[in-house]
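Visitor: fold the following.
(one chain, ligands or ions: 3)
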Amino acid sequence: MREAEQAAALAGTPLDRLMDRAGHALARLAFRMAAGRPVHILAGPGNNGGDGYVAAHYLAAMGATVTVSGHAAPVTDLARQAAARWGRGTDSLDRAPVATAVLVDCLFGTGLNRPLDQYLSGALSRHAASAARIIAADVPSGLATDSGADLGCPIHADVTLAFGALKPAHLLFPGASRMGRVMLDDLGLTITSHQTTAVMPFLPEPGFASHKYARGLVAVVAGKMAGAAELAARAALRSGAGYVRLIGSALPPSPPLAIVRQGWRDGAAILDDRIGAILVGCGLGQGEDAHARLDAARATGKPLVVDADALGLLGETRFDQPAILTPHAGEFARMGGAVVPDKISATVQLADRYNAVLVHKGPDTVIATPDGRVAIASPGNSWLSTAGTGDVLAGIAAAMLARGLPAFEAAQAAVMLQQRAAERSEKGFVADDLVKGSLWP
Ligand SMILES: NC(=O)C1=CN([C@@H]2O[C@H](COP(=O)(O)OP(=O)(O)OC[C@H]3O[C@@H](n4cnc5c(N)ncnc54)[C@H](O)[C@@H]3O)[C@@H](O)[C@H]2O)[C@@H](O)CC1
Ligand SMILES: Nc1ncnc2c1ncn2[C@@H]1O[C@H](COP(=O)(O)OP(=O)(O)O)[C@@H](O)[C@H]1O
Ligand SMILES: [K+]
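Guide: Ligands and ions are numbered 1, 2, ... in the order given. Okay, here's the model as predicted:
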């Protein structure tokens, strides 16, 4: 965002214009939410506080009842100009709060560089308790914008109005749990970044020239716990693969019978040239056989999805072929990934180490490439926290690789399709329910 501010300034949008837009947007939102009742604004010393003074100026001009409490005098030129524009009195932050309809938290935004002290977090929480609704300007104060880490944020906002672009704190936990409804005002900026929210790539439907191999042949390698591979195979088929082979499963055939079952045959089963992607790991186990199956899958040079048990067998592997690795937090830690709070850097580091696309799962899934591109999924449906939904994700990812998507796009498609399936399902769904019908968007 700071880069974007600089770019905007160079492109001729002065920063005071951006602050004016931000403050005006805040004022319009607070005006609507207050519906004639009083609004109180907390203004910090930096430009987040500046947004608050501008909002106060506009609210007064709209005829709203608006008061401001300031923490420390403005320290930036922009914030000083904004405070002068407001021009009316500013209370001290520790004056006893009065009941208000809407509190607008403009204490700190992207400039927070240390935890809130007790004085600040106490004052913010007292003011919040006296307000019916809370709007956070850019981010609730006390959250680290770039990681979503909690640096002593005492509030849950009802609405967070993000400026310019969404930041990691809007999507990553615990920050994401403090936002309430997130709204974005782009301030008229076009921001390009190597960090984005995950998006669904365009998936063309089968055309007249399509055939089952053109749509993608997926090989799912089974192992000790055959159910996991079964789920993954169904997910691959239901998400549009033309052909799915389930290899080495000990379970008897069950619907959909379109899944073709084959023995492992010392690895010969995965050598078919027409196979577009191999999924290995779901229910694989960790013994000798598991090692052999993982090694054979790698040796084919074909695009791979590596999940679950196979993630624990990778050692110092660096992938030569397109590969997607899908660890949950526990598997991520066992693979040597640094523990959060900075889930983004930790995921990029591991992607680089394995030379693969990393899908670091959880309520806030982070997808990273070895060259540092990052896509963060919007917080998912928490009913996904049930056994087997990871196998479903891995199966969809394999189908996306087999249809020819690059690994980064395939991983995003898989996360989006799994989330959409969850949204369409009844509360209390289980993994099997997700793959009963089509997973196509
Ligand atoms: N990005 C943009 O293009 C725009 C940004 N604007 C606003 O500007 C904000 C960023 O402004 P700033 O960079 O001035 O940063 P902030 O206003 O977030 O805060 C910076 C100030 O707070 C102090 N500070 C940091 N952590 C503290 C702590 N724990 N306790 C006490 N003091 C602390 C710093 O020393 C500094 O004085 C954004 O969040 C956004 O609201 C808007 O004005 C519109 C334009
Ligand atoms: N609280 C949650 N909210 C949203 N999604 C979740 C949550 N917990 C887990 N998930 C998602 O559910 C899936 C679980 O995968 P995983 O832990 O590998 O389960 P399994 O190994 O049993 O298949 C992942 O896609 C993950 O992102
Ligand atoms: K804020």
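
Visitor: rest of the way, CA atoms for contacts and neighbours
Guide: OK.

Visitor: for the chain, what spans make up the helices?
Guide: For the chain, the helices defined by DSSP state H occupy 2-10, 15-34, 47-62, 77-86, 118-129, 168-171, 226-238, 288-299, 329-334, 343-354, 389-402, 407-424, 431-434.

Visitor: the third one near ligand 1 at all?
Guide: Yes: judged by C-alpha under 6 Å from any ligand atom, helix 47-62 comes into contact with ligand 1 at Asn47, Asn48, Gly49, Asp51.

Visitor: just give the number of residues close to the third one.
Guide: If you count neighbours by other C-alpha atoms under 10 Å, Gly49 ends up with 33.

Visitor: can you check the last one too?
Guide: Here the count is done by other C-alpha under 10 Å, and Asp51 has 32 residues near it.

Visitor: what's the closest non-adjacent residue to it?
Guide: Gly23 (4.5 Å; C-alpha to C-alpha, 6 or more residues apart in numbering).

Visitor: so that neighbour versus Tyr58, what's the distance?
Guide: Separation of Gly23 from Tyr58 (C-alpha to C-alpha, to the nearest Å) stands at 8 Å.

Visitor: more neighbours: the two, which one.
Guide: Per other C-alpha under 10 Å, whichever of Gly23 and Tyr58 has more neighbours is Gly23, with 27 against 23.

Visitor: wait, what's in contact with the more buried one?
Guide: Taking C-alpha atoms under 8 Å, 6 or more residues apart in numbering, we find Gly23 in contact with Gly50, Asp51, Gly52, Tyr53, Val54, Ala55, Ala56, Tyr58.

Visitor: closest to ligand 3 out of the helices of the chain?
Guide: helix 47-62 (6.3 Å; C-alpha to the ion).

Visitor: quick one: that closest one to chain centroid distance?
Guide: 31 Å (C-alpha atoms, centre = their mean, to the nearest Å).

Visitor: same question, stretch 364-375
Guide: 10 Å.

Visitor: then that stretch to PDB, C-alphas only?
Guide: Extracted C-alpha coordinates of stretch 364-375, given in PDB (Å, rounded to 0.1, in the frame of the first residue of the first chain):
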ATOM      1  CA  ASP A 364      -7.200 -18.500   5.900                       C
ATOM      2  CA  THR A 365      -5.500 -20.500   3.200                       C
ATOM      3  CA  VAL A 366      -2.400 -19.000   1.800                       C
ATOM      4  CA  ILE A 367      -1.100 -20.100  -1.700                       C
ATOM      5  CA  ALA A 368       2.500 -19.200  -2.600                       C
ATOM      6  CA  THR A 369       4.900 -19.800  -5.400                       C
ATOM      7  CA  PRO A 370       8.700 -20.200  -5.200                       C
ATOM      8  CA  ASP A 371       9.100 -16.700  -6.800                       C
ATOM      9  CA  GLY A 372       7.100 -15.100  -4.100                       C
ATOM     10  CA  ARG A 373       3.600 -14.600  -5.700                       C
ATOM     11  CA  VAL A 374       0.900 -15.000  -3.100                       C
ATOM     12  CA  ALA A 375      -2.800 -15.500  -3.200                       C
END
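
Visitor: flag every buried residue along that stretch.
Guide: Asp364, Thr365, Val366, Ile367, Ala368, Thr369, Pro370, Gly372, Arg373, Val374, Ala375 (16 or more other C-alpha atoms under 10 Å).

Visitor: coming back round to it: deepest-packed of the helices of the chain, please.
Guide: helix 389-402 (a mean of 32; mean count of other C-alpha atoms under 10 Å).

Visitor: which secondary structure elements does it contact?
Guide: Other helices and strands packing on helix 389-402, by 3 or more C-alpha pairs under 8 Å, 6 or more residues apart in numbering; DSSP states H and E, are strand 217-221, helix 226-238, strand 275-280, strand 304-306, helix 407-424, helix 431-434.

Visitor: and if we set it to 7 Å?
Guide: strand 217-221, helix 226-238, strand 275-280, strand 304-306, helix 407-424 (3 or more C-alpha pairs under 7 Å, 6 or more residues apart in numbering; DSSP states H and E).

Visitor: CA atoms of stretch 299-307 as CSV?
Guide: Extracted C-alpha coordinates of stretch 299-307, given in CSV (Å, rounded to 0.1, in the frame of the first residue of the first chain):
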residue,chain,number,x,y,z
ALA,A,299,10.1,-40.0,-11.4
THR,A,300,7.4,-39.7,-14.0
GLY,A,301,8.1,-36.0,-14.3
LYS,A,302,4.4,-35.4,-14.6
PRO,A,303,2.6,-32.6,-12.7
LEU,A,304,2.0,-33.6,-9.1
VAL,A,305,-0.2,-32.9,-6.2
VAL,A,306,1.4,-34.0,-3.0
ASP,A,307,-0.9,-34.2,0.1
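
Visitor: so for that stretch, what gets flagged as buried?
Guide: So, applying 16+ other C-alpha under 10 Å, buried residues of stretch 299-307: Thr300, Gly301, Lys302, Pro303, Leu304, Val305, Val306, Asp307.

Visitor: so how far is it from its chain's centroid?
Guide: 25 Å.

Visitor: near ligand 2, which residues of this protein show up?
Guide: 328, 361-363, 365, 380-382, 384-385, 387-391, 393.

Visitor: export the residues of helix 47-62 next to ligand 1 to TSV and tack on distance to ligand 3 and pLDDT?
Guide: Formatted as TSV, the residues of helix 47-62 next to ligand 1 follow (distance: C-alpha to the ion, whole Å; pLDDT from 0 to 100):
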residue	distance to ligand 3	pLDDT
Asn47	10	98
Asn48	6	98
Gly49	8	98
Asp51	9	98
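
Visitor: quick one: average pLDDT of stretch 152-171?
Guide: Stretch 152-171 shows a mean pLDDT of 97.

Visitor: by mean pLDDT, which helix or strand of this structure comes out lowest?
Guide: In the chain, no helix or strand scores lower on mean pLDDT, DSSP states H and E than helix 2-10, which sits at a mean of 53.

Visitor: from Leu161, how far out is the residue lying closest to His170 once chain neighbours are set aside?
Guide: Spatial nearest neighbour of His170, excluding adjacent residues (C-alpha to C-alpha, 6+ apart): Ala176 at 4.9 Å. Counting by C-alpha to C-alpha, the gap between Ala176 and Leu161 amounts to 13 Å.

Visitor: and for Thr389?
Guide: In terms of C-alpha to C-alpha, Thr389 sits 32 Å off from Leu161.

Visitor: with Arg215 instead?
Guide: 42 Å.

Visitor: tell me which of these two has more neighbours.
Guide: Comparing Arg215 with Leu161 by other C-alpha under 10 Å, the one with more neighbours is Leu161, at 24 against 21.

Visitor: mind listing what that one touches?
Guide: Ala136, Ala137, Asp138, Val182, Met183, Leu184, Asp185 (C-alpha atoms under 7 Å, 6 or more residues apart in numbering).
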